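Peer 1: one predicted model, sequence on top.
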Amino acid sequence: MVCSDNPCTISNLAAKFAFFPPKPATYTVKKDEKTGRVTASRIPRDNNLDVLLLDTKRGNKIVAFYLRNPIARLTVLYSHGNAADLGQLYDLFVQLKVNLKVNLIGYDYSGYGASSGKPSEPNTYADIETVYQCLQTEYGVSQEDLILYGQSVGSGPTLHLAARLPRLRGVVLHSGILSGLRVVCRVDFTLCVDIYKNVKKIKKVKCPVLVIHGTEDDVVNWVHGNGLYKRAKDPYEPLWIKGGGHCNLELYPDYIRHLSKFIRDMENVTTASRLKKIKQTLKFPKPKVYNNNNNGHKVSNNIKNDKNVGSSTTFTANCCCRIRVRKPSCKCGCLGWPNCGFLKGCFLKKCFCGGCFCKSRRCCCLCCGGE
């Protein structure tokens with residue numbers, strides 16, 4: 001496999017196949033110099049709508065719509081597909097805000113809508129990170145109260161951010177992709193020129209993941225949704241919409257019904273239940289059980305059951321070091337235990353006793369810190 005030495009060339013080439021921003025944009029933005037308020041053309045005026053201009057770390061200025069719901073308990077961060085902008089999605093955002101009873105923020109990638117710059121994979125990552133920071137600083141939204149929603153190519157930035165937020169409330173992958181290359185051709189490997197390697201990032205997501213996919217999707221095959229579902233650490237009951245395509249899943253009644261159920265279940269998740277689930281996934285080493293021997297000393301069961309050891313005593317010190325002393329089983333008739341010569345801790349494969357080398361195990365073993 002040969003990779004180009006110029007990552008910019010690879011990124012630009014991949015971008016030509018992945019991004020199709022509407023031209024011209026379906027809206028424009030204007031900032032009122034007196035009030036400082038930003039408004040969007042062709043978008044109804046609403047006191048519960050904030051039009052935001054955000055600066056990304058890659059030097060672009062992106063547009064975001066924040067739709068406020070007074071009764072919301074959770075916030076949804078929506079990353080749209082590759083051929084739409086906020087002007088086309090505004091009505092859908094309003095419906096989701098009302099039906100799901102959530103706050104919702106959507107944004108246009110760099111180069112989409114009224115956002116500056118050019119669309120690329122690195123730019124979309126910087127875009128969603130900027131929106132998340134805005135939610136934290138401007139609206140006081142923590143990751144525990146946030147659900148990330150990614151549609152089609154939006155699953156890329158969604159999983160990029162989700163993999164970095166261990167306490168995220170939930171993730172929704174709507175017609176998501178395993179990777180950019182896998183959309184073009186069905187392969188089971190990843191190349192360096194591939195983009196949005198969700199096939200790897202999904203394994204790092206710790207929160208519940210809902211996968212929604214149409215069985216007749218002719219743009220992103222259902223195999224992608226099923227692959228994401230199978231690789232999720234905490235998969236939620238998926239929604240396979242029979243006969244659904246790539247851009248019409250919102251029209252099916254099961255879509256809003258199942259999505260509402262997911263939101264309600266995420267609202268009912270408590271800190272205690274999340275900690276319990278995390279503990280169940282952790283693997284703790286089994287503690288060693290010590291029994292008293294005839295002399296009153298504690299002896300490990302592992303040592304006690306070892307038939308090849310003459311007699312063993314284990315002492316545990318406060319420094320977490322363990323010193324195990326063994327009495328050699330000498331058959332040569334040489335001097336026994338008291339006369340056994342300790343040569344630098346007896347780190348010898350054969351014990352030196354009374355001037356001869358016994359064909360026995362080493363007479364003592366010093367170990368510390370599990371070494």
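Peer 2: Yes, it's here. Numbering: from 1, shown residues only.
Peer 1: how about the helices of the stretch 101-250 of the chain, start to end?
Peer 2: Per DSSP state H, counting those that start in this stretch, the stretch 101-250 of the chain carries helices over the ranges 121-139, 155-162, 180-184, 198-201, 222-231.
Peer 1: CA atoms only: put the second one into CSV for me.
Peer 2: Listed in CSV are the C-alpha atoms of helix 155-162, where the atom choice follows Å, rounded to 0.1, in the frame of the first residue of the first chain:
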residue,chain,number,x,y,z
SER,A,155,-21.8,10.5,11.7
GLY,A,156,-18.1,11.3,11.1
PRO,A,157,-17.8,14.4,13.3
THR,A,158,-20.4,12.9,15.7
LEU,A,159,-18.3,9.9,16.5
HIS,A,160,-15.1,12.0,16.5
LEU,A,161,-16.5,14.0,19.4
ALA,A,162,-18.3,11.1,21.1
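Peer 1: so for it, mean pLDDT?
Peer 2: Helix 155-162 shows an average pLDDT of 98 in the prediction.
Peer 1: same for it, what does it pack against?
Peer 2: Contact analysis of helix 155-162 by 3 or more Cβ pairs under 8 Å, 6 or more residues apart in numbering; DSSP states H and E lists strand 75-79, helix 121-139, strand 146-151, strand 170-174, helix 198-201 as its packing neighbours. No exception for glycine: its C-beta is placed from N, CA and C like everyone else's.
Peer 1: quick check: angle from that helix to strand 75-79?
Peer 2: Here the directions of helix 155-162 and strand 75-79 differ by 140 degrees (axes from the mean of the first three to the mean of the last three Cα atoms, to 10 degrees).
Peer 1: contact partners of helix 155-162?
Peer 2: Around helix 155-162, the neighbours that count as contacts under Cβ atoms under 8 Å, 6 or more residues apart in numbering are 77, 79, 109, 121, 124-125, 127-129, 132, 148-150, 168, 171, 173-177, 180, 195-196, 198, 201-202, 204-205, 207, 228.
Peer 1: need the contact list for residue 135.
Peer 2: Going by Cβ under 8 Å, 6+ apart, residue 135 touches 75, 77, 105, 141, 146.
Peer 1: out of these, which end up buried?
Peer 2: For the contacts of residue 135, a burial check counting by 16 or more other Cβ atoms under 10 Å picks out 75, 77, 105, 141, 146.
Peer 1: now, among those, which is nearest to residue 185?
Peer 2: The closest of the buried ones among the contacts of residue 135 to residue 185 turns out to be residue 77 (Cβ to Cβ; 30.8 Å).
Peer 1: contacting residues for the closest one?
Peer 2: 105, 106, 128, 131, 132, 135, 146, 147, 148, 149, 158, 161.
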